[in-house]
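K.L.:
Structure, please.
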Amino acid sequence: MFKRLFWVSIGVCVGVVAVTKAQAYVKANTPDMARQLLLGPDQDHVTMRTLEGLVNEFNAARRAREAELNAKYSDGTN
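P.N.:
Numbering: from 1, shown residues only. Predicted coordinates:
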């Protein structure tokens with residue numbers, strides 16, 4: 001269990017470093033118009049927008065699943 005957790009955390013760290021390096025490379029070596037096409041007009045907060053989108057998508061899926069389970073298992077006499 002701990003080995004698996006260790007390797008997953010190593011993978012997450014390597015992924016974060018790779019994405020950070022790739023974004024820095026794109027920002028340094030592309031013209032402004034190309035950067036705006038790739039990263040959007042707000043280039044300083046791409047990571048936060050991505051995380052916000054992931055959290056919003058997760059919450060929407062969670063609410064839909066909760067509603068489905070409530071409809072399936074509730075008796076309707078509440």
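K.L.:
When you work out contacts or count neighbours from here on, use the C-alpha atoms and nothing else.
P.N.:
Noted.
K.L.:
And the helices in the protein?
P.N.:
Under the criterion DSSP state H, the chain carries helices at the ranges 2-29, 32-39, 46-73.
K.L.:
Lowest average pLDDT across those?
P.N.:
Note on those: lowest mean pLDDT is at helix 32-39, with a mean of 77.
K.L.:
Output it as CSV, nothing but the C-alphas.
P.N.:
Provided in CSV are the C-alpha atoms of helix 32-39 (Å, rounded to 0.1, in the frame of the first residue of the first chain):
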residue,chain,number,x,y,z
ASP,A,32,1.9,36.7,-28.0
MET,A,33,-1.0,35.9,-30.4
ALA,A,34,0.0,32.2,-30.4
ARG,A,35,0.1,32.2,-26.6
GLN,A,36,-3.3,33.7,-26.4
LEU,A,37,-4.6,31.0,-28.7
LEU,A,38,-3.1,28.2,-26.6
LEU,A,39,-3.5,29.6,-23.0
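K.L.:
how far is that helix from where the chain is centred?
P.N.:
Its chain's C-alpha centre and that of helix 32-39 lie 20 Å apart, by Cα atoms, centre = their mean, to the nearest Å.
K.L.:
buried set for that helix?
P.N.:
35, 39 (16 or more other Cα atoms under 10 Å).
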